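Enquirer: fold the stuff below for me.
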Amino acid sequence: MKKPFFIVNPKSYLYGTEILKLARLTDKVAAKYNIDVMFTAKLIDFPEIMANTSHLIYTAQHMDALTPGRGMGKVLPVALKNRGIQAVVLNHAEHPLTLAQLDASMVLAKDLGLMTIVCSDTVAQSRAIAELHPTAMICEPTSLIGTGSTSNDQYIKDTDAAIRSVDPAILIMQAAGVSSGEDVKKVMALGADGSGATSGIIKAPDWESKLDEMIGAAAQFSTR
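Expert: As a prediction, the model looks like this:
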């Protein structure tokens, strides 16, 4: 994955025909701007999404530190890889992990060649998680998720600096409260490598227009 990049993360708001509609629109806009765009969905919807798109990074919303065998109800990493999933989000505020769980999950993901997109809240968490060397990190104060209020400038600068002091290769996403193209440009101008959104997109009256606005804003930072 290269910067700039973007993540469309519908969480559990959409499924079936609605998630497929959003995926198709995201695929269209990703192709238009030629930047890397991750798309998350419920696992059951991915086969149809994959059959109807070709420019997305298919991203699971979670996986467990599990190998084939016991583990009723858990998400098996090798099964994700087997079905074409390319990346996984870990430690989201809505599905937090202990450090031990996160470490074990990341080891399995890396062994399988899955990109790891790990969430952090505070500057201290960001620095600690960076020591595990994920592919990318989503820095967002839990209190701002879904509020429409973005992180302040100091938080963005401090989390960026904390992560890069540990591993400059980690891609950094700032996404808390991001809901417009101007929000995307703000966080990227302050040093982020990418951004993304949930409610800012799915609550918009015109999904394609909002995707174009936000992904287009990220694409302005492309050097490709």
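Enquirer: centre of the chain to stretch 117-132, how far?
Expert: Mean-position distance between stretch 117-132 and its chain equals 14 Å (C-alpha atoms, centre = their mean, to the nearest Å).
Enquirer: what about the strands in the protein?
Expert: Residue ranges of the strands in the chain, as given by DSSP state E, are 5-8, 36-40, 57-60, 87-90, 115-120, 136-139, 171-174, 194-197.
Enquirer: make CSV out of these and add mean neighbour count and mean pLDDT.
Expert: Heads up, the C-betas are built off the backbone N, CA and C, glycines and all. Putting these into CSV (neighbours: other C-beta atoms under 10 Å; pLDDT from 0 to 100) gives the following:
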stretch, mean neighbour count, mean pLDDT
strand 5-8, 26, 98
strand 36-40, 24, 98
strand 57-60, 22, 98
strand 87-90, 24, 98
strand 115-120, 26, 96
strand 136-139, 26, 96
strand 171-174, 25, 94
strand 194-197, 28, 95
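Enquirer: looking at those strands, which is nearest to Ile215?
Expert: Ranking the strands of the chain by proximity to Ile215 (C-beta to C-beta) places strand 5-8 first, at 5.2 Å.
Enquirer: counting contacts, what elements does that closest one pack onto?
Expert: Counting contacts by 3 or more C-beta pairs under 8 Å, 6 or more residues apart in numbering; DSSP states H and E, strand 5-8 is packed against helix 16-33, strand 36-40, strand 171-174, strand 194-197, helix 207-219.
Enquirer: give the buried residues for the longest one.
Expert: What that stands for is helix 16-33. Of the residues in helix 16-33, those buried by neighbour count under the rule 16 or more other C-beta atoms under 10 Å are Ile19, Leu20, Leu22, Ala23, Arg24, Leu25, Thr26, Asp27, Val29, Ala30, Tyr33.
Enquirer: list just the nearest of the residues you listed to Asp45.
Expert: Using C-beta to C-beta, Ile19 comes nearest to Asp45 of the buried residues of helix 16-33, at 5.0 Å.
Enquirer: that closest one: what's it in contact with?
Expert: With contacts taken as C-beta atoms under 8 Å, 6 or more residues apart in numbering, Ile19 has the following neighbours: Pro10, Ala41, Lys42, Asp45, Ile49.
Enquirer: the first one reaches Ala41, doesn't it?
Expert: Yes: proximity of Pro10 to Ala41 meets the contact threshold set by C-beta atoms under 8 Å, at 6.5 Å.
Enquirer: these two - which one has more neighbours?
Expert: Ala41 (26 against 23; other C-beta atoms under 10 Å).
Enquirer: where does the chain have low pLDDT?
Expert: Low-confidence regions of the chain, defined here as pLDDT under 70, cover residues 143-151.
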